[in-house]
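Asks: Build me a model from this:
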Amino acid sequence: MPHEEHDDWTFSKKLQVDLTAFLREIRVEQEINCLEIGTYLGYTTLLLSEYCTKVVTIDRVETFLQFAQKFNTRRPNIDYLHMDTVTDSWEPLMKYEFHVVIFDGGMLDVIHSDFLKVFSLPVIPLFLIFPRYTQWNDMKDTVNFHEQQNLIRCTLTLGRGTVPGQPTTWINKAGHQQDGPEAKICTPLVGRQTKQEL
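Replies: Numbers count the residues shown, from 1 in each chain. Next up is the predicted model:
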């Protein structure tokens, strides 16, 4: 499985291992359907497809989706959707029931918009995963804002900066120091009846 040492824009090996362990644990209790926002080249899509019953991955760059389909050609449980999450309708997603949503693309306005639109899905997912929490300030700002608004509670961390008894600082591939967990997993605190209030 390609990781950050092979490609700057994919997950670290530590994050892949932690995400795998999380998915394996929750799969014991139920089947998992996952929405991946930001396909890129399909590396994380492959990991998700190994543990999820259905993966729906979306990207606004069609060439990324085409590469991902070729990369994951042996995985029949992946649906690929070419869409811009900000300007396009989310109607194609309404037929699915997602348990997990992973946010892996976009800047502040896009992440914020995607976050709110997830709450318009027919069933609010059980878990929201933010894999670049420390690396992208826009991701961190979005997560912190919505946690302060009591829309989500973030209690699980993944990846680098999460090993008990070790420093929370770590160095990314570009040589920049990061402080805090590489990823956060959050649980929505609102029910379907309050979606109109968002």
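Asks: Now for the closest residue to Pro131 other than its chain neighbours: which residues touch it?
Replies: With C-beta to C-beta, 6 or more residues apart in numbering as the measure, Ala183 is the residue that lies nearest to Pro131, at 4.3 Å, once sequence neighbours are left out. C-beta coordinates here come from the backbone N, C-alpha and C atoms, glycine included. Applying C-beta atoms under 8 Å, 6 or more residues apart in numbering to Ala183 gives the contacts Leu15, Asp18, Leu19, Ile129, Phe130, Pro131, Arg132, Tyr133, Thr157, Leu158, Gly159.
Asks: What's the separation between the fifth one and Glu147?
Replies: The one in question is Phe130. As for Phe130, its distance to Glu147 is 10 Å (criterion: C-beta to C-beta, to the nearest Å).
Asks: Among the two, which residue is more densely surrounded?
Replies: More neighbours sit around Phe130 than around the other of Phe130 and Glu147, counting by other C-beta atoms under 10 Å; the figures are 26 against 15.
Asks: Any figure for the gap between the more buried one and Thr168?
Replies: Applying C-beta to C-beta, the value for Phe130 to Thr168 is 16 Å.
Asks: what residue ranges in the protein score low on pLDDT?
Replies: Scanning the chain for pLDDT under 70 picks out 1-10, 106-108, 191-198.
Asks: Okay, helices next: where are they in it?
Replies: Listed in chain order, the helices of the chain (DSSP state H) span 13-27, 43-51, 62-71, 108-118, 137-148.
Asks: re earlier: now the residue nearest to Pro131: how far from Thr134?
Replies: Using C-beta to C-beta, Ala183 is found at 8 Å from Thr134.
Asks: Look up the residues that both of Phe130 and Glu147 are in contact with.
Replies: Shared contacts of Phe130 and Glu147 (C-beta under 8 Å, 6+ apart): Cys186.
Asks: In JSON lines: the helices of the chain, plus distance to Asn77.
Replies: Listed next are these as JSON lines, based on distance: least, C-beta to C-beta, whole Å:
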{"stretch": "helix 13-27", "distance to Asn77": "13"}
{"stretch": "helix 43-51", "distance to Asn77": "6"}
{"stretch": "helix 62-71", "distance to Asn77": "13"}
{"stretch": "helix 108-118", "distance to Asn77": "21"}
{"stretch": "helix 137-148", "distance to Asn77": "27"}
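Asks: of these, which approaches Asn33 most closely?
Replies: Among the helices of the chain, helix 43-51 comes nearest to Asn33, with 10.1 Å by C-beta to C-beta.
Asks: So which residue is dead centre in this structure?
Replies: With distances taken as C-alpha atoms, centre = their mean, Ile102 lies nearest the centre of the chain, 1.6 Å away.
Asks: Check the gap between it and Phe64 for me.
Replies: Separation of Ile102 from Phe64 (C-beta to C-beta) stands at 15 Å.
Asks: Touching, Val101 and Cys34? I think so.
Replies: Yes - with contact defined as C-beta atoms under 8 Å, Val101 counts as touching Cys34 (7.3 Å).
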